[in-house]
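Q: Coordinates for the following, if possible.
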Amino acid sequence: MWPNTYSGSGLGVMELNKENKFAEWTKVAVLYCDGLTYQGNRKDPYDYKNTQLYFRGAVNTRAHIKWIDQQFNIQNSSKILLMGGSAGGIAVYMWVDYIRDMLEDPSKLYGVVDSGIFLDLSTIAEYVKTS
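A: Numbering: from 1, shown residues only. Predicted structure coming up:
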């Protein structure tokens, strides 16, 4: 389990050193997600190769956001940075407005996406061949 705060280096905008202009901001990192990009909300599982798969990312995400607010009272934060990379970056796109709607002052929330767009390389390769 990750700690509530992290002071390591190499995290870019998430670093806590004083040289980082985001050091004093409240930061929430979206590290990864379920197979439906944090949007799943299906009650019944899918059966796949004799395995039951549950996609409840939306329920889990709302619960995490509620926990973050209860633990850190994000309403009292002066600036909030929601950051995600890879599939977590897609979650930033999906959830930043939901979190903004929770805030009394939505202008204090900023979303930063690090590589949250997935390209279909086979389609691009075919396009390059025909151009």
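
Q: Please make it C-alpha for all contacts and neighbour counts, starting now.
A: Fine.

Q: So in terms of bridging, what pairs with the residue sitting nearest the centre point of the chain?
A: Most central in the chain under C-alpha atoms, centre = their mean is Val30, positioned 3.2 Å from the mean C-alpha point. Counting by DSSP bridges, Val30 is bridged to Gly84.

Q: show me what contacts it?
A: By C-alpha atoms under 8 Å, 6 or more residues apart in numbering, Val30 lies in contact with 82-85, 88-89, 91-92.

Q: now do 10 Å
A: 61, 82-92, 113 (C-alpha atoms under 10 Å, 6 or more residues apart in numbering).

Q: Would you map the strands across this protein?
A: Applying DSSP state E to the chain gives strands spanning 26-30, 46-48, 51-53, 80-85, 109-114.

Q: where along this protein do the helices fall?
A: Assigned by DSSP state H, the chain shows helices spanning 57-72, 87-102, 121-130.

Q: What's the mean pLDDT across stretch 110-122?
A: Averaging pLDDT along stretch 110-122 yields 79.

Q: So what touches stretch 98-112?
A: Applying C-alpha under 10 Å, 6+ apart, the contact partners of stretch 98-112 are 13, 25-29, 62, 65-66, 69, 74-85, 89, 92-93, 95-97.

Q: So among the residues you listed, which ones count as buried?
A: Buried members of these, scored by 16 or more other C-alpha atoms under 10 Å, are 13, 25-27, 65, 74-75, 79-85, 89, 92-93, 95-96.

Q: Who are the contact partners of Met94?
A: Residues near Met94 by C-alpha under 10 Å, 6+ apart: 37-39, 58, 88.

Q: export those residues to CSV and tack on pLDDT, neighbour count and distance to Lys18?
A: Formatted as CSV, the contacts of Met94 follow (pLDDT from 0 to 100; neighbours: other C-alpha atoms under 10 Å; distance: C-alpha to C-alpha, whole Å):
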residue, pLDDT, neighbour count, distance to Lys18
Thr37, 67, 19, 33
Tyr38, 70, 24, 33
Gln39, 78, 19, 36
Ala58, 86, 19, 35
Gly88, 79, 23, 26
